[in-house]
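Visitor: Task: produce atomic coordinates for the following.
(chains A, B and C)
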Amino acid sequence: MKSDRLGGSTGLSGPVFLASALFAGMVVQLAAAAQGLAQDAEAGKVVYDLWCAECHGVNGAGDGPAAASMLPRPRDFTQARYQIRRTGSGQLPTDDDIRAAIRDGLPGTTMPGWPNLSARETEDVIAYLKSFSRFFGMGDPPQPMELGTDPGGGPAAIESGAAAYLALECEACHGPSGRGDGASAPTLEDWRGFPIRAADLSEVWLFNGGSSVDDIHTRVLTGLDGTPMPAASDAMNAGVVTPEEVWALAHYVASLGPSQAPPLNEVVRVGRAEAGLPGDGDADSWGQAEAFYFPLGGQVIEPPRNFAPTVDGVWVQGLHDGNDVALRIQWNDPSRSPDPSWDEWQLKVSETLDMDGAFDLDASLAAVDAEITEDEPRGDAEGEVPRYPDRFYVQFPFEIPTSSQRPYFLMGDARNPVYLWTWDSEQGVGAARGRGLASAEELPEDAVAGQATWSEGRWTLYVRRALVPDPEADGITFAEGATIPVAFQAWDGSSGETERRSSISTWYYILLEPPASNRVVVAPMIAMLLTGAFGLVLVRRAQSGD
Amino acid sequence: MNLRRQPIVQAAVVLVAAYVLFEYVIGYGLPLVGVSSAPVPQTVILQYMAIVIVGVLVYFSADEARWKSFMQPVRDTLTLPDRRVPRGLLMVAIPVMAGWMTYQNVRLSFGAPATLRSIHPAPPGEITFRGEPITLTGLENPLRSSGSMEEHIALGRSIYTVNCVPCHGDRMDGEGHFAPAFNPVPADFTSGGVLPQLTESFVFWRIVKGGPGLPTEGTPWDSAMPAWENILEQHEIWATIIYLYEQTGFSPRTWHEAEGEAH
Amino acid sequence: MRFDYRSRVAAALLTGVLYAACGGSDGGDADAGNGESGGEAAAEVAAIDPSTVGTISGTINFSGDAPAMEAIDMSAEPDCAAGFGDEGPMMQSVVVNGGGLANVFVYLSAGVMDAPAPYGAATLDQTNCRYAPHVMGVQAGQTIEITNSDNLLHNINATPTENRGFNISQPRAGITSRQSFAVAEVMVPLRCDVHGWMEAFVGVVDHPYFGVSGDGGMFTISNVPAGTYTMTAWHEQYGTMGMEVTVTAGETTMADFDHTGLQMAGHLVGEPLVIHHGSDEVVFNRAQQ
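Guide: Down below sits the predicted model:
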């Protein structure tokens, strides 16, 4: 039975398969081909039911029990619409395409890579995935597109790619800076009508189909089937851009962000601004401050949980001048909430995603119905959709801890509260005492100040306060040279994020650089002199004999 | 004189061996032969080494003759005319080292402060589940003796995938899509150091009470593990535990084994 | 201009040279798999004997007051909005004029024994940020030429269930993409993700016996071989309805639908639903809403 399937169901003849494997340098595949690994869909079902079915569903329809807590939703295999392919728009993926998606996963989604599956298991799962759709096995096996070879990058290519980005009107969805804030972004849906975000092109390491220039180039020409991302192949063939310009576009997009997740440093170095603190978040002097990246995750600890948060990371910079400390915090959020043009998006998210009890679905559906029957233009129905602001909290303990003990990272608790710098796109900057999630109690006498600006899909928040709080105000005293715990929390109002539904981090640290001190030079000198003198005495006494 | 019989060389060998044992063998060597272990924190290594040094000095100074022969190379280096060059080098090298060590101590470090964290703290004998007391000592998974195992596993699989995957991951290796945001990182269930070392009642306690229920040495203020009694029912948690062991292929530690070790 | 079976027959009366010229260029650009040459089609079309075929004609009557159409907010694309009069652009899902319902796809859903191969290409235009036409029919395997007449980005995202879909971008005016659907499917939705209001429906059938009701609700299906058929009408909001028609050679059979007879069923586009209509078993389809 297995021998019947040998070679046939892979869709590739032995030599072609071998050649492609060699070309890609995939040792595992080569070994699989050399052993003549046939694909066995029945064996694949065992693996699939163990590891895949909870999300993708027992029948491959992308409707497993966990699907509702995921955005984007898991792939529905029954229509064989695969995002990550090297074949043309609408075509079936090759086995190589499916194999790569299983091995590498789809970064930026809940689909992890499965390098731990054996070559045998992978081949079997591929066969089983294909068995969900009648499209496989009809007609000729799919062939990868002729994608050409990269003529190379460099500043000229990136400049040409930026022009191609405009020529292909990528900004309609991805926005002028690529942060997924294009005019059409709020209305995007996948082929099943579920809301889907335009990719934030500055998070290159989270691209669904991989972060290499080659990967990006392929995605541009083949599109991501099942999503709104179209194939640009016809536009290229019509001369809107040349094949070289498509490669340049790939180089440009790759240049928009790091291809690997930014390294995590646990301590934000808050340097001394000798020439004075910058007065706002746009000041050039922020260029001298090192930026630290902290990934954020959904608040999935206390219900209502947030399984698919908007904000997935934050860049933090700090400067101080011995009197005041200022932080500049930047994060990407395609919507400047509250914004009526995102009302429909918010409703769709709340219908698609498991809101864990946060949202009254019936009420929101009634709001949609009301909107339809009123025959009003979209988004104009006043007050039907709850509109929340964007928010951000910076969290400290009230006292710098002397042991490793700290307040609970999730905004403290009744006994150990946290000190918060709060910002809200409607209320601005303030300070608060947190005694657990969603329990910020305002500290009006606090002198913290600042503002935030939103530009092209990114918030820049500037917060400033004296190192020593006012005598009548409760708040942390920022001691120079101490590692001070800090944590972050963010909300995107237009995705229905409010109260407990947020993005969070656990504790990290900030450290205010103390004034340059000659102690660093003097102390080792003294140590050397003392040790040297002691040595001399020792030798003298030993030689004088006793 | 035979170098190996030099007391000072013997002392050096003992110190190096002790350091290698503490730093590498315990943390990295034992897991290679299948014994569960973890790297020893630097502060603890420092304490251990101090004890070893004191022990070595006590041994060599206990006997007058042994002490003399122990100190002989030192005295020779300090006094003999033909040892002038090594003596000069040491006279420079030792103060420079002292200076360097002082510099390392006084310069500003941007590393995170070290925190000691007990990975598997001792469980309490009794906990509450939504106020109802449950005795942990001797507690077995009630689902193992009732109902259909297949149904328990299926229930556990669904609960795991919805609730646990964001942090502990589809592969159960602690690399869920939210894992990078959390420090300490979520537990890796594929590691031999987690599930097989624990009784099911311990796992039940950790799930029910989560991070906030950890004792102080478990740094409860840092752990992002929810207290699942707020979200899941008892039988759902027991089913999830069965799934954890079933899917990873590990067996839970039995109370028999746990007692054997305690005595 | 959309493909119309009548124009094919009119063309059959012209010279074969013209055929070869038009058909040849179409065939050359068509998708692989469509694989039909103009010459063969010409021969086949010429084979139609007018004494064996008749015409079906009718109106989709709309009773009562038509619902007001939702205005489209095209402020994001002023160039497109400028193409409309004072009342501005309106949605096209329910268009009623003179008591007739437009954009109803009418096709023979049962009884067709034999059908000529598709000939020529159907065309779909994107103009002023709307699809023209909003509803169209094609034969399975027939080339559809999709053209952008707006000098801005459209993408054409087809999400059939019986066929392979596609999603292609056309960022400039003048770009034409050629696509086809291999098997029958009523209806294939097309949408533009850049402009959420842009939607079109393509009815794919195995034969050329279909029509779409125009302004005023009139439709005509020509050159239908004499015989008895089930004819089905489809509308995106009101659903589907079947009826039996008998075509007599050389005559025009009148067959009107009333929009109240159209029925929605709990099914999505493309999913056939079998219900009983009179004594016949009829396959129904409905729109996704």
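
Visitor: contacting residues around the closest residue to A:Met111 other than its chain neighbours?
Guide: Of all residues not flanking A:Met111 in the chain, A:Gly105 sits nearest, at 4.9 Å (CB to CB, 6 or more residues apart in numbering or on different chains). Heads up, the C-betas are built off the backbone N, CA and C, glycines and all. Neighbouring residues of A:Gly105 by CB atoms under 8 Å, 6 or more residues apart in numbering or on different chains: A:Met111, A:Pro112, A:Gly113, A:Trp114.

Visitor: cutoff 7 Å now
Guide: Counting by CB atoms under 7 Å, 6 or more residues apart in numbering or on different chains, A:Gly105 makes contact with A:Met111, A:Pro112, A:Gly113.

Visitor: got it, and B:Glu217?
Guide: Counting by CB under 7 Å, 6+ apart, B:Glu217 touches B:Ser118, B:Pro121.

Visitor: sorry, back to before: among the contacts of A:Gly105, which one lies nearest to chain B?
Guide: When these are compared for distance to chain B (CB to the nearest CB), A:Pro112 wins out at 5.0 Å.

Visitor: ok, that closest one - how many residues close by?
Guide: For A:Pro112, the neighbour count with other CB atoms under 10 Å in any protein chain shown is 19.

Visitor: again with A:Leu443
Guide: For A:Leu443, the neighbour count with other CB under 10 Å is 20.

Visitor: okay but it is in contact with A:Asp474, surely?
Guide: Yes. Using CB atoms under 7 Å, A:Leu443 is in contact with A:Asp474, at 5.8 Å.

Visitor: Can you pull the residues that touch both of these two?
Guide: Common neighbours of A:Leu443 and A:Asp474, counting by CB under 7 Å, 6+ apart, are A:Arg433.

Visitor: ok, back up a step: mind pulling up the pLDDT for the residue nearest to A:Met111?
Guide: Predicted confidence (pLDDT) at A:Gly105: the value is 97.

Visitor: Can I take it that A:Phe488 is in a strand?
Guide: Yes. Using DSSP: H, G, I helix; E, B strand; the rest coil, the assignment for A:Phe488 is a strand.

Visitor: near chain B, which residues of the stretch 101-250 of chain A show up?
Guide: Residues of the stretch 101-250 of chain A lying near chain B by CB under 7 Å from any CB of the partner chain: A:Thr110, A:Pro112, A:Asn116.

Visitor: Closest to C:Thr232 out of those?
Guide: Proximity of these to C:Thr232 (CB to CB) peaks at A:Thr110, which lies at 42.0 Å.

Visitor: From the centroid of chain A, which residue is nearest?
Guide: A:Asp312 (4.3 Å; CA atoms, centre = their mean).

Visitor: From A:Thr477, how far off is that one?
Guide: For A:Asp312, the distance to A:Thr477 equals 32 Å [CB to CB, to the nearest Å].

Visitor: Where does the prediction get shaky in the chain?
Guide: With no chain named, the answer covers chain A. Low-confidence segments of chain A, defined by pLDDT under 70: A:1-37, A:359-383, A:545-546.

Visitor: Oops, wrong one, chain C.
Guide: Counting by pLDDT under 70, chain C shows low-confidence ranges at C:1-47, C:265-289.

Visitor: Pick out the residue in it sitting closest to chain B.
Guide: Nearest residue of chain C to chain B, counting by CB to the nearest CB: C:Asp193, 25.4 Å away.

Visitor: and the gap between the residue nearest to that residue when sequence neighbours are not counted and A:Arg75?
Guide: Nearest residue to C:Asp193, sequence neighbours excluded (CB to CB, 6+ apart): A:Pro228, at 3.3 Å. Counting by CB to CB, the separation of A:Pro228 from A:Arg75 is 16 Å.

Visitor: now C:Met218
Guide: Taken as CB to CB, the span from C:Met218 to A:Arg75 is 44 Å.

Visitor: and if you look at B:Val40?
Guide: Look at B:Val40 and A:Arg75: by CB to CB, they are 46 Å apart.

Visitor: Please say which of these two ends up with more neighbours.
Guide: Legend: neighbour count by other CB under 10 Å for B:Val40 and A:Arg75, higher for A:Arg75 (27 against 17).

Visitor: Leaving out sequence neighbours, find the closest residue to that one.
Guide: What sits nearest to A:Arg75 in space, not counting adjacent residues and going by CB to CB, 6+ apart, is A:Gly62, at 5.4 Å.

Visitor: go on, B:Leu195?
Guide: Nearest non-adjacent residue to B:Leu195 (CB to CB, 6+ apart): B:Phe250, at 4.4 Å.

Visitor: for A:Ser404, same thing?
Guide: Nearest non-adjacent residue to A:Ser404, counting by CB to CB, 6+ apart: B:Thr115, 4.1 Å away.

Visitor: how many other residues sit next to that neighbour?
Guide: Residues contacting B:Thr115 under the criterion other CB under 10 Å number 14.

Visitor: The residue nearest to the spatial centre of chain B in helix, strand or coil?
Guide: Nearest to the geometric centre of chain B sits B:Ala38, at 3.6 Å (CA atoms, centre = their mean). Here B:Ala38 is recorded as coil under three-state DSSP.

Visitor: helix, strand or coil for A:Ile510?
Guide: Put simply, A:Ile510 is strand when judged by three-state DSSP.

Visitor: Report the contact partners of the closest residue to it other than its chain neighbours.
Guide: Closest residue to A:Ile510 apart from its sequence neighbours, by CB to CB, 6+ apart: A:Val268 at 4.4 Å. By CB under 7 Å, 6+ apart, the contact set of A:Val268 is A:Phe292, A:Val316, A:Gly318, A:Val486, A:Tyr508, A:Tyr509, A:Ile510.

Visitor: can you give me the helices for chain C?
Guide: Taking DSSP state H as the criterion, chain C carries its helices at C:5-12, C:16-29, C:38-46, C:78-81.

Visitor: where does chain B have low pLDDT?
Guide: Applying pLDDT under 70 to chain B picks out residues B:1-2, B:260-263.

Visitor: Out of the residues of the stretch 101-250 of chain A next to chain B, which is nearest to C:Val205?
Guide: A:Thr110 (40.3 Å).

Visitor: so how many other residues sit close to the closest one?
Guide: 25.
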